[in-house]
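Engineer: sequence-free structure coming up:
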C-alpha cells in the first residue's frame, strides 16, 4: 500500500457513508439509494460507482476479482485491480471460486456464486424508467406509486415493431415483487442468475450517484408478457472452439483472414478452467 494513503483509498468517514447507503439498499431490495459519489482517479463512466462500493466493503482478508465483459485482462479491469491492490494490498485472483468480492462490468460469471461471495456490478444508467421519463422527481413518484405502465408500454411497442422485445441487455426486472430495477447492462442470458442468488448483489452508479442491491435468496423476475415470455440469447448448436463448452454465453469470433466464424466463451476465466480440466483428463487417460 502506498505511503500516506488511506486503506482502500477513502477516509473512514467516506466509507461509512457509502456502507450506510449499501445497508439501506440491502434492506429495500431494488430501491435506488442516493449517495454522495466521490471524485475518483478514474473518469466517471468507467466504473466509479462499482469501485466506490468495492473500496468501501473490502477488507485485508478479501480476495478480489475484476472482470470487464467477461475478461480479466481488459484495460478497465486491469486499471481497477491496480488501484484497489495498491491501496489495500489484498490478494487478486482470476478464479471466480477463489474470490470473495467480484467487481464486474456487463457480466455475471458462469461459475455459480456462493453465499460467501459478493458481486459488485458497474451501472451507467440505474433508472429503468429513464427511457420513458426524463425528470427525476417524476420517476421517484412513479416508483413510490408502483406505476410501471411506462416500462410495460415500452416493451409492448418493441413487440409491435420487431415482433419481440428488443432489450438485448439491461432488460428490466421486478425485484421482490415490488421495485422494477435496471440489472446493469448484463445480457439477458445473465438475468436469471439474479433470481434466488446465493450471493449478495450490489450495484453502483457513480455518475448518477445511486446504489441499489439484490440480497441473497431474493426473487428477481424479468418483465415479460404471458403471450411473449422472456427469452435469453440462444447458442444452440454452437460450442466454444477452445474448450468445447455449451450452455454458456458465447462470443462470435470471425477470422480476419478466412472470414470463418466460430464461437468462444465470453467468460475467459471459465474457459481457461475448462481447458485445464480437459488437459488433466487427457493426461490421466494417457497414463491409464
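Structural biologist: Sure, I can see it. All values derive from a computational prediction rather than experimental measurement. Residues are numbered from 1 along each chain as shown.

Engineer: Can you name the next helix or strand after the strand or helix carrying residue 65?
Structural biologist: Assigned by DSSP states H and E, residue 65 falls within strand 63-68. Sequence-wise, the next helix or strand downstream of strand 63-68 (DSSP H and E) is helix 75-88.

Engineer: Run the chain-centre distance for that next one.
Structural biologist: With CA atoms, centre = their mean, to the nearest Å as the basis, helix 75-88 stands 17 Å off its chain's centre.

Engineer: ok, back up a step: list the buried ones in the strand holding residue 65?
Structural biologist: For strand 63-68, the neighbour count (16 or more other CB atoms under 10 Å) marks 63-68 as buried. C-betas here are computed from N, CA, C, even on glycine.

Engineer: Over to stretch 211-224?
Structural biologist: Buried residues in stretch 211-224 (16+ other CB under 10 Å): 211-216, 218, 220-223.

Engineer: Residue 162: which of the residues you listed is nearest?
Structural biologist: residue 223 (16.1 Å; CB to CB).

Engineer: where does the closest one sit relative to residue 61, distance-wise?
Structural biologist: 39 Å (CB to CB, to the nearest Å).

Engineer: For the stretch 101-250 of the chain, which segments are assigned as helices?
Structural biologist: Taking DSSP state H, counting those that start in this stretch as the test, the helices found in the stretch 101-250 of the chain are 136-144, 149-162, 188-194.

Engineer: pLDDT on the second one, on average?
Structural biologist: This means helix 149-162. For helix 149-162, the mean pLDDT works out to 95.

Engineer: thinking in terms of the whole chain, how far from its middle is that helix?
Structural biologist: 25 Å.

Engineer: center of the protein, which residue is that?
Structural biologist: Residue closest to the average C-alpha location in the chain (CA atoms, centre = their mean): residue 121, at 3.7 Å.

Engineer: thought that residue was touching residue 190?
Structural biologist: No. Using CB atoms under 8 Å, residue 121 makes no contact with residue 190, being 9.8 Å away.

Engineer: Pull up the overlap in contacts between the two.
Structural biologist: Residues touching both residue 121 and residue 190 (CB atoms under 8 Å, 6 or more residues apart in numbering) are 108, 183.

Engineer: thinking again about what came up before, now distance to residue 152 and pLDDT too, for the buried residues of strand 63-68, in a markdown table please.
Structural biologist: Conversion of the buried residues of strand 63-68 to a markdown table gives the following (distance: CB to CB, whole Å; pLDDT from 0 to 100):
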| residue | distance to residue 152 | pLDDT |
| --- | --- | --- |
| 63 | 42 | 98 |
| 64 | 39 | 98 |
| 65 | 36 | 98 |
| 66 | 35 | 97 |
| 67 | 32 | 97 |
| 68 | 32 | 95 |
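
Engineer: now the stretch 151-288 of the chain, which segments are flagged as low pLDDT?
Structural biologist: Residues of the stretch 151-288 of the chain meeting the criterion pLDDT under 70: 281-288.

Engineer: So this structure: which segments form each domain?
Structural biologist: What automatic domain parsing lists as the domains of the chain is 12-222, 234-288.

Engineer: Please identify which of the buried residues of strand 63-68 is nearest to residue 23.
Structural biologist: For these, the closest approach to residue 23 (CB to CB) belongs to residue 64, at 21.2 Å.

Engineer: ok, what's across the strand from residue 264?
Structural biologist: Residue 264 has the following beta-bridge partners by DSSP bridges: residue 251.

Engineer: Cross-check the contact I'm expecting between it and residue 239.
Structural biologist: No. Using CB under 8 Å as the test, residue 264 is too far from residue 239 to be in contact (9.6 Å).

Engineer: And the strands in the stretch 1-150 of the chain?
Structural biologist: Ranges of strands in the stretch 1-150 of the chain, per DSSP state E, counting those that start in this stretch, are 33-34, 63-68, 91-92, 101-105, 118-122.

Engineer: okay, those strands in CSV with distance to residue 178 next?
Structural biologist: Formatted as CSV, those follow (distance: least, CB to CB, whole Å):
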stretch, distance to residue 178
strand 33-34, 15
strand 63-68, 30
strand 91-92, 37
strand 101-105, 25
strand 118-122, 20
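
Engineer: closest one to residue 171 among the ones you listed?
Structural biologist: Nearest of those (CB to CB): strand 118-122, 14.1 Å.

Engineer: between that closest one and helix 75-88, how many degrees?
Structural biologist: 130 degrees (axes from the mean of the first three to the mean of the last three CA atoms, to 10 degrees).

Engineer: about what we covered before: which of the helices of the stretch 101-250 of the chain sits most buried?
Structural biologist: Most buried of the helices of the stretch 101-250 of the chain by mean neighbour count (mean count of other CB atoms under 10 Å) is helix 188-194; its value is a mean of 20.
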